[in-house]
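Undergrad: for reference, the sequence and a predicted model appear below.
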Amino acid sequence: MKANGSVVRNPYFTLLISRAPDCGSSRIGIVVGRRVGKAVTRNRLKRIFRELVRESHFGMAIGYHCIVYPKVKALEAKYQDIGMVWKSTLAQRGLLEV
């Protein structure tokens, strides 16, 4: 994934993107490690980003694999702010079909 992909970093998450042309739909995985915090914190971050993925999944371009690493700073921000950064990041990388 890292060898032929790209990495996008911002204050709320790190996104690894890899092209998968033989795959039908795009896939997104959410990874929250233990160093982020206790289970309550990790689960909250996963819920936030699952909802972002759910909202934007149908508008995504076909043939990509992505991994999202949420950051703790996302818990301090408003959901709308994270959503705007999420959508703009996907659009800049060509993952969002407009």
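TA: Good, I have the coordinates. Numbering: from 1, shown residues only.

Undergrad: number of nearby residues for residue 5?
TA: By other C-beta atoms under 10 Å, 16 other residues sit near residue 5. Every C-beta, even on glycine, is put in place using the N, C-alpha and C of the backbone.

Undergrad: near the closest residue to it other than its chain neighbours, how many other residues are there?
TA: Nearest residue to residue 5 in three dimensions, chain neighbours excluded: residue 18, at 3.5 Å (C-beta to C-beta, 6 or more residues apart in numbering). Other residues near residue 18 come to 16 when the count uses other C-beta under 10 Å.

Undergrad: and the contacts of the strand or helix carrying residue 18?
TA: Assigned by DSSP states H and E, residue 18 belongs to strand 13-19. Contacts to strand 13-19, defined as C-beta atoms under 8 Å, 6 or more residues apart in numbering, come from residues 1-2, 4-9, 49, 63-71, 74, 86, 89, 93, 95.

Undergrad: any idea how many residues pack against residue 51?
TA: Neighbours of residue 51 using other C-beta under 10 Å come to 13.
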